[in-house]
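Student: With the sequence up front, the predicted model follows.
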Amino acid sequence: ETGVTQTPRHLVMGMTNKKSLKCEQHLGHNAMYWYKQSAKKPLELMFVYNFKEQTENNSVPSRFSPECPNSSHLFLHLHTLQPEDSALYLCASSQAGEAGELFFGEGSRLTVL
Amino acid sequence: GQQLNQSPQSMFIQEGEDVSMNCTSSSIFNTWLWYKQDPGEGPVLLIALYKAGELTSNGRLTAQFGITRKDSFLNISASIPSDVGIYFCAGQPSGSARQLTFGSGTQLTVLP
């Protein structure tokens, strides 16, 4: 059982669809993150949750809606996305206060048609 | 915000050669980290550096936290095919901002 598990691994959706990405961590961490990875660009931090509370929203458009029901689970709800939102979405976890030592999931590859 | 300049963007080397890549910033960082991302996987932490001047090794990998706190390098000695992947530097800036800033990555290809 891997430390951070993301589902689905691949997702294709139309611009009018609603879908969700799921992340689960089995490491006992209490901070969870969503990152966006586009080709040839640095990882972009989207959201941070510490002890289930959102502590950072990096100016992310409202068509991305995160949800953190507990310290082990993190969701990213997607609605009316744009083609430029196509990317690899990475979930990560860490001990709160140790933002450096991130443990990443394998990512969800999103394609918006 | 802070930006990291990572170079080179890509490298093609022969198996057995040594590799060096680096990151620089105009800002001071408290922590430097190096991650590797295999194809189809998420990044994995290779080395973490917490003090200026610190030199840390992990097997064939060696990384250093620059004295000025504005740069770091990663060396890989005697490269092997499984070293292929994208290597990212990341830094935790000083001051109130706690989240990592990532470089744009170095794509490493090892030729047999």
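Tutor: In hand now; what should we look at?

Student: Please report the number of neighbouring residues for residue 61.
Tutor: With no chain named, the answer covers chain A. 11 (other C-beta atoms under 10 Å in any protein chain shown). Glycine gets a C-beta too; all of them are placed from N, C-alpha and C.

Student: try chain B instead
Tutor: 18.

Student: I figured it hits residue B:74, correct?
Tutor: Yes: contact criterion C-beta atoms under 8 Å: residue B:61 and residue B:74 qualify, at 6.6 Å.

Student: Common neighbours of those two, please.
Tutor: By the contact definition C-beta atoms under 8 Å, 6 or more residues apart in numbering or on different chains, residue B:61 and residue B:74 are jointly contacted by B:34, B:46, B:47.

Student: From those, list the buried ones, please.
Tutor: For the shared contacts of residue B:61 and residue B:74, a burial check counting by 16 or more other C-beta atoms under 10 Å in any protein chain shown picks out B:34, B:46, B:47.

Student: The residues you listed in strands, which ones?
Tutor: Using DSSP state E, the subset of these located in strands is B:34, B:46, B:47.

Student: Name the nearest residue to the second one, sequence neighbours excluded.
Tutor: Residue nearest to residue B:46 in three dimensions, not counting chain neighbours: residue B:34, with 4.7 Å by C-beta to C-beta, 6 or more residues apart in numbering or on different chains.

Student: So that neighbour is in contact with residue B:86, correct?
Tutor: No: between residue B:34 and residue B:86 there is no contact under C-beta under 8 Å: 11.4 Å.

Student: Pipe the buried ones among the shared contacts of residue B:61 and residue B:74 into JSON lines and attach distance to residue A:66 and pLDDT per row.
Tutor: Listed next are these as JSON lines, based on distance: C-beta to C-beta, whole Å; pLDDT from 0 to 100:
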{"residue": "B:34", "distance to residue A:66": "28", "pLDDT": "97"}
{"residue": "B:46", "distance to residue A:66": "28", "pLDDT": "96"}
{"residue": "B:47", "distance to residue A:66": "30", "pLDDT": "95"}
